[in-house]
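Novice: Fold the stuff below for me.
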Amino acid sequence: MQDIAQHLEDRTLILLSNREPYEHRHADGRIEIRQPPGGLVSALDPTMRATHGIWVAWGSGSADAETCNSEGRLMVPPVDPSYSLRRVFLDEGEVDGYYLGFSNAALWPLCHMLVQHFEYRDEYWDRYRAVNEKFAHAVAAEVKRAESPAVVWIQDYHFGLAAEIIRSQSSPTLIHQFWHIPFPPSDILRLLPVDVIDALLRGMLGNDLIAFQTDRYALNFLGCVAEFIPDAQSDADNFVVHYGGRSIVVGVFPISIDVEKYEHLALEPESVSRVERLRDRHARGGCQLGLSVDRVDYTKGIPERLRALTQLWERHPEMLERFTMLVVATPSRSELASYRDLEKEMMSTVREINDRFRTEKWEPIVLVHENVSAEVLAGAYRAADICLVSSLQDGMNLVAKEFLACQVDERGVLVLSRFTGAAEVIDDAILINPFNIDGFVDGIRCALEMSQDERRLRMQRMRMQLRSWTIFDWLASILSRTCDIIGARTEAPSQP
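Specialist: Numbering: from 1, shown residues only. I've put the predicted structure just below:
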């Protein structure tokens, strides 16, 4: 981790994200601190510890305001504090408009190209702009008070306008942003009002480096700039935009996971016991165990996966009692009607499938509809014979990579949607189109019928590929690129 910190030299790293690394909550008359789940937070936290940086984020915990100073600052982590957390607080109207509204009812479906879920309202956009200004003001203040030149790193689609505002209010050495989700082509982006498209793209062009998961998403962004921003020169050959007298680098950095962490979890004695219990309960007598792990989100292709499973057991009754599907579906964004509707559909369909196909000694689908710890998931990943990832669109999909990391026995098969970023960096998965249910069924059958030798060979190659690009390689690569950009500017001759 110190190697990653060295990329910054003596600069202060200021990170902006919607989710905070530590939150305080009231619990049974006391205040407890916890780290929200998610691979990004767990990867960036050690980076911030090593760099002694500043993390600006939404203070969403019920006791957050009581545990920081009047400016929203506190030192974290709670044991051996090493960096500063600057909390920005939002009222209910701001959360509804900025987060649930424009970010997740408009931008999220638009970027995932699932326009049937797209909902735009002017009030959402107004809140998004105001909240972006609020966070940008906080970042600009931290830039000004930093003891050394600052590098600002913005995370994701919640802050599409922040870079331009930060640049107008302060003078950081460099601003860069990583857009974790897909970026849509211009024909999809044009569903937004023209003035919103203009403001969003110009906001993103406030960065010095704007990075995406795949070449396709980067090219989509460059194409949108070319179409909608007439005073910008979009160079798709060199992945750069010339705008406002600056050159904005467009980069591609596919995110990954902490591979060693997941391998370690899979090898722990508790995981071994979980594997034995899962396989004894659901994979006895030659029965194979399938696994899917998703948030309940319409981008994940959950109804399509359930339709494929229905057709598998319907058309191939020999698979009855020979294949059990463990579906881990964690609750998500239940404040939005589209998510509540999906949850109801999922629960109803699982009941119908089980009522139709179950036997006295076998249940086709085992549904776990709750938050599950990484420790428990590691055991499930290791126990599974196949893992189904059926996303309709996905920036990367880290479940696929977590499955590979935990497959220490090298017996599993990954069935992966071709519409994930992961499909562009993993070579030996069985690729499926979740919209083509017949092809999806064929992919599941191919996985179930694959020989042990081929399973092992494919898994060995995928795991080797995974180890060659971990979350720490991702971090180091991005920070190295930012320093290259800074260095190139320092060395460039001044303009007359």
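
Novice: List the contacts of stretch 131-138.
Specialist: By CB atoms under 8 Å, 6 or more residues apart in numbering, the residues outside stretch 131-138 that reach it are 16, 56, 72, 86, 88, 90, 94, 97-99, 159-162, 165-166, 169, 203. All C-beta atoms are positioned from the backbone trio N, CA, C, and that covers glycine.

Novice: out of these, which are inside helices?
Specialist: Members of the contacts of stretch 131-138 lying in helices (criterion: DSSP state H): 94, 162, 165-166, 169, 203.

Novice: now those residues: which count as buried?
Specialist: Buried by 16 or more other CB atoms under 10 Å: 94, 162, 165-166, 203, out of the ones in helices among the contacts of stretch 131-138.

Novice: Among those, list the two that are farthest apart in space.
Specialist: Glu94 and Ile166 (18.8 Å; CB to CB).

Novice: Next, work out how far apart the closest residue to Cys406 other than its chain neighbours and Pro434 are.
Specialist: Of all residues not flanking Cys406 in the chain, Tyr381 sits nearest, at 3.5 Å (CB to CB, 6 or more residues apart in numbering). Noted for Tyr381: a distance of 21 Å to Pro434, by CB to CB, to the nearest Å.

Novice: my guess is Phe323 contacts Leu448, does it?
Specialist: Yes - counting by CB atoms under 8 Å, Leu448 is a contact partner of Phe323 at 6.1 Å.

Novice: neighbour-wise, which of the two wins?
Specialist: Taking neighbours as other CB atoms under 10 Å, Phe323 and Leu448 compare with Phe323 leading, 25 against 18.

Novice: For the more buried one, report the pLDDT, please.
Specialist: For Phe323, the pLDDT comes out at 98.

Novice: Tell me who's in contact with it.
Specialist: Counting by CB under 8 Å, 6+ apart, Phe323 makes contact with 287-290, 312-313, 364, 448.

Novice: what about Val225, which helix or strand?
Specialist: Following DSSP states H and E, one finds Val225 within helix 215-228.

Novice: Beyond the lengthiest helix in the chain, next helix or strand please.
Specialist: Secondary structure of the chain per DSSP H: the longest helix is helix 122-145. Counting by DSSP H and E, the next helix or strand C-terminal to helix 122-145 is strand 150-155.

Novice: picking up where we left off before, and the residue nearest to Cys406, that's in a strand?
Specialist: No - in this structure, Tyr381 is helix, not part of a strand, as judged by DSSP: H, G, I helix; E, B strand; the rest coil.

Novice: How much space separates it from Tyr262?
Specialist: Tyr381 sits 8 Å away from Tyr262 when distances are taken as CB to CB.

Novice: so what sits against both of those two?
Specialist: Contacts common to Tyr381 and Tyr262, judged by CB under 8 Å, 6+ apart, are 402, 405-406.

Novice: Filter these down to just the ones in helices.
Specialist: 402, 405-406.

Novice: List only those of those residues flagged as buried.
Specialist: Among these, those buried by neighbour count (16+ other CB under 10 Å) are 402, 405-406.

Novice: Geometric centre of this protein: which residue is closest?
Specialist: His180 (5.8 Å; CA atoms, centre = their mean).

Novice: Wait, that residue touches Gln155, no?
Specialist: Yes - checked against CB under 8 Å, the pair His180 and Gln155 is within contact range at 7.1 Å.

Novice: on that earlier part again, name the member of the contacts of Phe323 with the most neighbours.
Specialist: The residue in the contacts of Phe323 with the most neighbours, by other CB under 10 Å, is Gly290 (28 neighbours).

Novice: Quickly find the element holding the closest residue to Pro78 other than its chain neighbours.
Specialist: Nearest non-adjacent residue to Pro78, counting by CB to CB, 6+ apart: Ile33, 5.5 Å away. Element membership for Ile33 (DSSP H and E) is strand 30-34.

Novice: tell me the mean pLDDT over that strand?
Specialist: What strand 30-34 shows for mean pLDDT is 93.

Novice: contacts for the next helix or strand after that strand?
Specialist: Next helix or strand after strand 30-34 toward the C-terminus (DSSP H and E): helix 39-51. Helix 39-51 is contacted from outside by 1-2, 4-5, 8, 12-13, 15, 17, 19, 21, 35, 53, 55, 77, 82-83, 155, 180, 255, 257-258, 261, 398, 471-472, 475, using CB under 8 Å, 6+ apart.

Novice: Among those, name the ones in strands.
Specialist: Residues from these lying in strands, with DSSP state E as the criterion: 12-13, 15, 17, 55, 83, 155.

Novice: Need the residues you listed in a markdown table (columns: distance to Val350, neighbour count and pLDDT).
Specialist: Listed next are those as a markdown table, based on distance: CB to CB, whole Å; neighbours: other CB atoms under 10 Å; pLDDT from 0 to 100:
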| residue | distance to Val350 | neighbour count | pLDDT |
| --- | --- | --- | --- |
| Thr12 | 50 | 22 | 95 |
| Leu13 | 45 | 24 | 96 |
| Leu15 | 39 | 24 | 98 |
| Ser17 | 34 | 21 | 97 |
| Trp55 | 39 | 25 | 98 |
| Tyr83 | 43 | 20 | 97 |
| Gln155 | 34 | 19 | 97 |
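
Novice: Make CSV from those and add distance to Glu119 to it.
Specialist: What follows is those, written out as CSV (distance: CB to CB, whole Å):
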residue, distance to Glu119
Thr12, 39
Leu13, 35
Leu15, 30
Ser17, 24
Trp55, 31
Tyr83, 37
Gln155, 24
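
Novice: Let me know the closest of those residues to Ile386.
Specialist: Looking across those and measuring by CB to CB, the closest to Ile386 is Gln155, at 32.4 Å.

Novice: Enumerate every residue touching the closest residue to that closest one other than its chain neighbours.
Specialist: Excluding the flanking residues, the one nearest Gln155 by CB to CB, 6+ apart is Ser17, at 4.0 Å. By CB under 8 Å, 6+ apart, the contact list for Ser17 reads 40, 44, 55-57, 154-156, 158.

Novice: Can you go through these and name the buried ones?
Specialist: Going by neighbour count (16+ other CB under 10 Å), the contacts of Ser17 have 40, 44, 55-57, 154-156, 158 buried.

Novice: could I get those residues as a markdown table with distance to Met459?
Specialist: Shown next, in a markdown table, are these (distance: CB to CB, whole Å):
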| residue | distance to Met459 |
| --- | --- |
| Leu40 | 26 |
| Leu44 | 29 |
| Trp55 | 37 |
| Val56 | 41 |
| Ala57 | 37 |
| Ile154 | 36 |
| Gln155 | 32 |
| Asp156 | 31 |
| His158 | 36 |
